[in-house]
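K.L.:
Need coordinates for the below:
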Amino acid sequence: MRLARISLLLPDLRGGGAERLGLVLAEEFVRLGHEVEFVLMRAEGELLAEARRGYPIVDLNAPRARNVVPVLARYLRTRRPDALIAAMWPLTALAPIAALIAGFRGKVLVSEHSILSQQYASWGKLHSFALQFSTCVGYRLASVRVGVSHGACADMAALSRMALDCFETIYNPVRLAKQPSPEVLQAVDALWETGRPRILSVGALKPVKNHALLLRAFAMLPRSEAKLMLLGKGQNEAALRALAAELGIADRVIFAGFHPDPAPFYATADLFVLSSDYEGFGNVIVEALSFGLPVVSTDCPSGPAEILAEGRFGRLVPVGDAPALARAMDAVLDSPVDRDALRQRAADFAPEIAARKYLDLLSFA
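P.N.:
Prediction:
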């Protein structure tokens, strides 16, 4: 194995899935003997303090995407890492261009964590053209192209008009569960207050996660003592609180905010639910499985069905169907759970597996 200096390029370190992936990969790369530093458009976000404790942070101080190429090219000429891993469009299109301008001789790996064609579907024709044109150029200049699910790879191929076999699927690595301390469990247990069952959803409160669907399904659930906790924060919180009040369930819905370590919340829940309209992968499903927590998810493109093996390890329901979601939640809560099987499925997404695949594609394995 050839040891390398690897730079991880991200917009920032807010508490999202791609950002968590960067931290997990960095930890595994370092464990295997490589050097890692984070290169950020803006050095900000909830996970920045965690990253600073373990890795050098380079702030490009690029407030907008159009500012990235010259400063990134300067960074590559100065630091000359062995590889650059760029995550999230438009960085995945801009990084290969900056590498070309810099005369960078290392490998550039680009990875997408969402279904871009859906994420930007409502942004208009001009933006759609920019998305397609930039991926056509950027992906072709990249050394390696990765999607976090088969569906993400198919979307990347369609956008860039490249063959599907030009893209590699590497499922997101997810840290396996560590049992929280009794003190932490007790504190989180108190947040749930009284009542059972406890239903948990983890994710930013933004439209694509469709928490409104979950609230409507929860209101249909014939379990008056049930509690629903939404772990995360975002632009939709006020609207979701208003909807909970309108549905008459405000006293049973807990808006817990963002927590960097969701482990104690999984450990104290009875059911995990994902209600998204689409996902690039769905890390939170794997996190839930790692605690042996039963899962109900919308069958959205493109990660949940792949993680749950088309329903073998959890219940899948149609996107946007609140009654179906309510029925599935009720049925799963009444069903026996093979928690060991769920934990074993989560182990298929262990960080070492993903990290070694990345390193193999970069020729560092």
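K.L.:
Mind giving me the packing neighbours of the strand or helix carrying Arg356?
P.N.:
Assigned by DSSP states H and E, Arg356 belongs to helix 351-361. Applying 3 or more Cβ pairs under 8 Å, 6 or more residues apart in numbering; DSSP states H and E, we find helix 351-361 packed against helix 17-31, strand 144-147. Every C-beta, even on glycine, is put in place using the N, C-alpha and C of the backbone.
K.L.:
and the last one, what other elements does it pack with?
P.N.:
Meaning strand 144-147. Secondary-structure packing of strand 144-147 (3+ Cβ pairs under 8 Å, 6+ apart): strand 107-112, helix 150-160, strand 168-169, helix 351-361.
K.L.:
who wins for proximity to Leu247 among the ones you listed?
P.N.:
Minimum separation from Leu247 across those (Cβ to Cβ) falls at helix 150-160, 31.8 Å.
K.L.:
Let's verify Thr78: helix, strand, or coil?
P.N.:
helix (DSSP: H, G, I helix; E, B strand; the rest coil).
K.L.:
what's around it, how many residues?
P.N.:
Neighbourhood size, Thr78 [other Cβ atoms under 10 Å]: 9.
K.L.:
Okay, it and Leu84: tell me how far apart.
P.N.:
Using Cβ to Cβ, to the nearest Å, Thr78 is found at 13 Å from Leu84.
K.L.:
Just the pLDDT at Ala177, thanks.
P.N.:
Note for Ala177: predicted pLDDT of 69.
K.L.:
Start the count at 202 instead of 1 going forward.
P.N.:
Let's use 202 as the start, then, which means that last one is Ala378.
K.L.:
ok, now which ones touch the closest residue to Leu562 other than its chain neighbours?
P.N.:
Once flanking residues are discounted, Leu562 sits nearest to Val345: 4.7 Å by Cβ to Cβ, 6 or more residues apart in numbering. Listed by Cβ atoms under 8 Å, 6 or more residues apart in numbering, the contact set of Val345 reads Lys308, Val309, Leu310, Val311, Glu369, Leu562, Leu563.
K.L.:
Columns neighbour count on top of these, output as a markdown table?
P.N.:
Formatted as a markdown table, these follow (neighbours: other Cβ atoms under 10 Å):
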| residue | neighbour count |
| --- | --- |
| Lys308 | 20 |
| Val309 | 26 |
| Leu310 | 26 |
| Val311 | 29 |
| Glu369 | 16 |
| Leu562 | 19 |
| Leu563 | 22 |
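K.L.:
What is the most widely separated pair among these?
P.N.:
Top of the distance list for the contacts of Val345 (Cβ to Cβ): Val309 and Glu369, 13.9 Å.
K.L.:
Okay, helices next: where are they in the stretch 402-551 of the chain?
P.N.:
For the stretch 402-551 of the chain, the helices defined by DSSP state H, counting those that start in this stretch occupy 412-421, 438-447, 464-468, 484-491, 505-508, 523-534, 540-548.
K.L.:
what's the average pLDDT for the helix ranked longest in the chain?
P.N.:
Longest helix in the chain, counting residues (DSSP state H): helix 326-342. The average pLDDT for helix 326-342 rounds to 97.
K.L.:
for that helix, which positions count as buried?
P.N.:
Neighbour counts using 16 or more other Cβ atoms under 10 Å place Leu332, Gln333, Ser335, Thr336, Val338, Gly339, Tyr340 of helix 326-342 among the buried residues.
K.L.:
same deal with stretch 308-325?
P.N.:
Quick answer for stretch 308-325 (16+ other Cβ under 10 Å): 308-321.
K.L.:
before we move on, back to that, Throw the helices and strands packed on strand 345-348 into TSV and include distance to Val538 and mean pLDDT, thanks.
P.N.:
As requested, the helices and strands packed on strand 345-348 are exported to TSV (distance: least, Cβ to Cβ, whole Å; pLDDT from 0 to 100):
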stretch	distance to Val538	mean pLDDT
strand 308-313	33	97
helix 351-361	27	96
strand 369-370	29	98
helix 552-562	25	96
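K.L.:
And these: which comes nearest Ala529?
P.N.:
Closest among the helices and strands packed on strand 345-348, using Cβ to Cβ: helix 351-361, at 21.2 Å.
K.L.:
Run the chain-centre distance for that closest one.
P.N.:
17 Å (Cα atoms, centre = their mean, to the nearest Å).
K.L.:
Who does the closest residue to Ala300 other than its chain neighbours form a beta bridge with?
P.N.:
Nearest residue to Ala300, sequence neighbours excluded (Cβ to Cβ, 6+ apart): Val309, at 4.9 Å. Beta-bridge pairing for Val309 (DSSP bridges): Leu285.
K.L.:
Which residues are in contact with Val309?
P.N.:
Val309 sits next to Ala284, Leu285, Ala287, Ala296, Pro297, Ala300, Leu342, Ala343, Ser344, Val345 when contact means Cβ under 8 Å, 6+ apart.
K.L.:
can you pull up the bridge partners for the last one?
P.N.:
Yep, that's Val345 we're talking about. Beta-bridge partners, per DSSP bridges, of Val345: Leu310.
K.L.:
any idea how far Leu211 is from it?
P.N.:
For Val345, the distance to Leu211 equals 17 Å [Cβ to Cβ].
K.L.:
I'd like the distance from Asn411 to Tyr479, if you could.
P.N.:
For Asn411, the distance to Tyr479 equals 9 Å [Cβ to Cβ].
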